[in-house]
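Undergrad: got a predicted structure here, sequence first:
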Amino acid sequence: MIAEFGLAALWLAAALAALQLVAGAFGLTRRGAALGGIVRPVAVVQGLLALVSFLCLIYVFAVTDLSVKLVAMNSHSMKPLVFKIAGAWGNHEGSMLLWVTVMGMAGGFVALIERRLPEPTMLATLAGQAFVSLGFYAFLLIASNPFERLSPVPAEGNGLNPLLQDLGLAFHPPTLYLGYVGLSVAFSFAIGALVTREVGPAFARAMRPWVMGAWIFLTVGITAGSYWAYYELGWGGWWFWDPVENASLMPWLAATALLHSASVLAARNALRAWTIMLGVVAFSMSMIGTFLVRSGILTSVHAFAVDPERGSFILALLAINIGGALTLFALRAATVTEGERFALVSREGALVFNNVMLSAILGIVLFGTLYPLVAEAMGAKVSVGPPYFNPMGALFTVPMLIVLAVGPLLRWRRDAFGRVGKRLVIPAMLGAAGVIALLVIGGVAFLPFIGLVLAVGLAWASLMPLRERNLRRTPLPVWGMVIAHFGIAVALFGMSSESAFSVEKLVAVRPGETTQVGPWLVRLEKVEPVAGPNWTALEAELKVRYKGSDPVTTRPQSRSFWAPPQQTSESSLLTRWNGQLYSVLGGEAEDGRWQLRLWWKPFVTLIWLGGLLIALGGVLALIGRVKSDLRRHIARDKIADRRESQGR
Amino acid sequence: MAVKAKHQRLVLLLVALVVLIGAGLLAAWALRNQASYFYVPNEIVADPPAPDRAVRLGGMVEKGSLKTEADGVTIAFIVEDGKARVPVTFQGIVPSLFVEGSGVVAEGRMGKDGTFVADNLLAKHDENYVPREMQEMTAAQADRVVAETQ
């Protein structure tokens, strides 16, 4: 019953999306102006109906209603409740329903609270949002109905991939989806602005918080996903250049560029067409990512088994949406007048440089991700990994980070290097000290070397915009910028340190034997069987000592799940301020020895701490912008009130 | 300086295009050099890749070939495809579904002595996640079984 209810809500939401599109388009014409009035309420109701449908799906998963095919295929009555719920989106159909839910909710949210845009632009924006949503509704209802019933009802479900049975899964995909799909708002705004040709600072100020919101979720999602892969896969790595990771990185790169170009547009009325273009590109990257993951054309841990028909459907959606938007852009871009000019050495100049570098990195990642497909079409089976991505990415990241150290210190319009040069003496000296220190330590590879030096210099330089400011009166967006840029330095330090100084040890030891990894002494006490709700495991008890301090116990496991039957290794992590000890239990060797894989990873945690700082910077900037918008709004109302009372 | 340029937008566009096209060309060049190619034993024996080049080797783990060295963490086995056999060594924790007589994809490098040194082994995880090459390999293997029984 609940499943039918959910399906009905989904159909109704799709119908409302169609109404929203038609009413929005007619609302733009003179005759249909009256229709325009219903667009906002329709958008809100559409979002709510999608949410109802999604909640229905969560319900059938929570109670393990095995008469629903999706539940039978992907769930199991013996799973802990939190994983039953998370299982609702741990599969193709459910994740697509989550996608349209977020999309509908985002559109509804915009309709509800966005008042800064001129009404025609707003109508065009909501119509655009409805158009994109409609495609995904059609995809769900025609090709991947999540509420399909199964007859006869099986006695038990197939279970969920054990790799995904982790709290990380409960939050990682929904967070990323909020980011991916939140960017649809930027896409629709760009469409709206192209239709009505209203591109200017007001438009950028209206769009910015929405992009910022999506970007924050993307940042948190990528950070969480990286940590999840790090501890759950048990390979000790934190980024694998897996197509799915790239699929999340590409929208992030585009959204980062968009945020920066939108701030140029908002402050200086320049980069108009470019900002619109990035709005289109950012969400296009989200859709390409979805296509890559959901079509099953690329292999990955994340790829659910799917049939090619669905792949073609998503490809068609992709072609219509992206192709349509780019065509509109090509037709209208020339009519978007050129913005204000600026000197090469200026805040704008630095931001343009940042944008071009980010776009180049985006291109590098996109090429590398798609290349295996192209090669396969030509008959060669290849995979592309770190030997390509690391140096090629660094080639453009390094200059970008150098300019990042300087850019925030420059004035708008026109500046001279001489003026900011003095302020950069300390960061440059810190970098030089880093070079000397690393040369003394020796044996650090080229890329981590550059990374460490840059990180130290950038950490200092990123704080410079706060100098000569009254910290209490510094606006929140400035704090946000400083903290986000500082976060980049922190994350970069963590990445470089992990790659430069990690120590790895792979041994087979008997219980009672001790081994050393970096500054740690590790003693295997015993290996015992333990049991969980839907798994059994072998658990090793390790007594570890850091440089002669008191021993601590850590317990890596090798788990065997029975539904579906599969083994996973549960690494155990021991965090210290200066790094993590990462231990994995392998198999038993013939003579009573156990395989242990141990890593000491100095400052590895800074990678994710940096990611969170970047997101925090976004949150502060967002709060600051929303607050000043509200204040402006209230002030405007007051003036209007006063005028009215004077008029009387 | 570019301020005086009549159409700053055009200048910016050109600069961006040059950088992006440059990035594209560089990427294409790097991809040709850095992409890791997939080999089956027959191909890798006939035409071995350069020793410093990362490649992947896929095939069946020959029955009775799996040995663990004295250190307890190094294993040696033979990957075969019915036409050729390649010795492989690997240090690490093997995936749980890695067994003799089943398929494997080894990522690593071909040593000068004809031994493949694997950094990573991919085995079938479960029915939902099969390394892409392995799906095709099992089909090829099925063909072989058919050919052998005829």
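TA: Arrived safely, thanks for sending. A quick note: this is a predicted structure, and the numbers were derived from the prediction, not measured.
Undergrad: now do the contacts for residue 13.
TA: No chain in the question, so chain A it is. Applying C-beta atoms under 8 Å, 6 or more residues apart in numbering or on different chains to residue A:13 gives the contacts A:46, A:49-50, A:53, A:100, A:104, A:137. C-beta coordinates here come from the backbone N, C-alpha and C atoms, glycine included.
Undergrad: now it: which helix or strand?
TA: Applying DSSP states H and E as the criterion places residue A:13 in helix A:2-27.
Undergrad: quick one: average pLDDT of the helix or strand just after that helix?
TA: For helix A:2-27, the following helix or strand on the C-terminal side (DSSP H and E) is helix A:33-36. Mean pLDDT, helix A:33-36: 82.
Undergrad: give me the distance between helix A:33-36 and the centre of its chain.
TA: 37 Å (C-alpha atoms, centre = their mean, to the nearest Å).
Undergrad: so residue 64, which of the three states?
TA: Picking chain A for this. Following DSSP: H, G, I helix; E, B strand; the rest coil, we place residue A:64 in the coil state.
Undergrad: coming back round to it: pLDDT averaged over the helix holding residue A:13 - what is it?
TA: Rounded mean pLDDT across helix A:2-27 is 94.
Undergrad: next: stretch B:48-60.
TA: Stretch B:48-60 comes out at a mean pLDDT of 86.
Undergrad: how about that stretch as CSV, C-alpha atoms only?
TA: Output of stretch B:48-60 as CSV, limited to C-alpha atoms (Å, rounded to 0.1, in the frame of the first residue of the first chain):
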residue,chain,number,x,y,z
PRO,B,48,56.5,-7.6,-23.3
PRO,B,49,56.0,-4.0,-22.2
ALA,B,50,58.9,-1.9,-20.9
PRO,B,51,59.9,-2.9,-17.4
ASP,B,52,59.0,0.5,-15.9
ARG,B,53,55.6,0.7,-17.4
ALA,B,54,52.5,0.0,-15.3
VAL,B,55,50.3,-2.6,-16.9
ARG,B,56,47.6,-5.0,-15.9
LEU,B,57,47.7,-8.8,-16.5
GLY,B,58,44.6,-10.8,-16.5
GLY,B,59,44.2,-14.6,-16.6
MET,B,60,43.5,-17.7,-14.6
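Undergrad: how about residues contacting that stretch?
TA: By C-beta under 8 Å, 6+ apart, stretch B:48-60 touches A:383, A:385, A:387, B:34, B:36-41, B:44, B:79-81, B:86, B:88, B:101-112, B:114, B:116, B:118, B:131, B:133-134, B:137, B:141.
Undergrad: which residue is the nearest non-sequential neighbour of residue A:499?
TA: Nearest non-adjacent residue to residue A:499, counting by C-beta to C-beta, 6 or more residues apart in numbering or on different chains: residue A:448, 4.4 Å away.
Undergrad: quick one: residue A:582 and residue A:599 touch, right?
TA: Yes - counting by C-beta atoms under 8 Å, residue A:599 is a contact partner of residue A:582 at 4.2 Å.
Undergrad: determine the longest helix present in the chain.
TA: Just going to use chain A. Longest helix of chain A, by residue count under DSSP state H: helix A:606-647.
Undergrad: if you could check chain B rather than the one you did, that'd help
TA: Longest helix in chain B, counting residues (DSSP H): helix B:8-34.
Undergrad: and residue A:240, how far from chain B?
TA: 10 Å (C-beta to the nearest C-beta, to the nearest Å).
Undergrad: whoops, residue A:194 was the one
TA: Using C-beta to the nearest C-beta, one gets 17 Å for the distance from residue A:194 to chain B.
Undergrad: for that residue, grab phi and psi.
TA: Phi and psi for residue A:194, reported as degrees, to the nearest 10, are phi -70, psi -40.
Undergrad: same question, residue A:82
TA: phi -60, psi -30.
Undergrad: for residue B:103, same thing?
TA: phi -80, psi 150.
Undergrad: in a helix, residue A:312, correct?
TA: Yes - assessed with three-state DSSP, residue A:312 lies in a helix.
Undergrad: that one: neighbour count?
TA: 12 (other C-beta atoms under 10 Å in any protein chain shown).
Undergrad: and what of residue A:152?
TA: So residue A:152, with other C-beta under 10 Å, has 6 neighbours.
Undergrad: helix, strand or coil: sort out it for me.
TA: Three-state call for residue A:152 (three-state DSSP): coil.
Undergrad: what ranges do the strands span in chain A?
TA: Ranges of strands in chain A, per DSSP state E, are A:382-383, A:503-509, A:514-517, A:520-531, A:535-546, A:552-554, A:557-562, A:565-570, A:572-576, A:579-588, A:594-602.
Undergrad: returning to what we had before: ok, the residue nearest to residue A:499 touching residue A:500?
TA: Yes - between residue A:448 and residue A:500 a contact is recorded at 3.7 Å, counting by C-beta under 8 Å.
Undergrad: the residue nearest the centre of chain B sits in which helix or strand?
TA: Computing the C-alpha centroid of chain B and ranking residues by C-alpha atoms, centre = their mean puts residue B:56 first, at 2.1 Å. Using DSSP H and E, residue B:56 sits in strand B:55-61.
Undergrad: how much space separates the residue nearest in space to the middle of chain A from residue A:548?
TA: Centroid-nearest residue in chain A: residue A:218, 2.5 Å away (criterion: C-alpha atoms, centre = their mean). Distance of residue A:218 to residue A:548, computed by C-beta to C-beta, to the nearest Å: 43 Å.
Undergrad: thinking again about what came up before, and the strands of chain A, which one averages the lowest pLDDT?
TA: The minimum mean pLDDT among the strands of chain A belongs to strand A:565-570 (a mean of 77).
Undergrad: what are the buried residues along that strand?
TA: Residues of strand A:565-570 classed as buried: A:566-570 (neighbour count, 16 or more other C-beta atoms under 10 Å in any protein chain shown).
Undergrad: swap in stretch A:78-97?
TA: Buried residues in stretch A:78-97 (16+ other C-beta under 10 Å): A:79, A:83-97.
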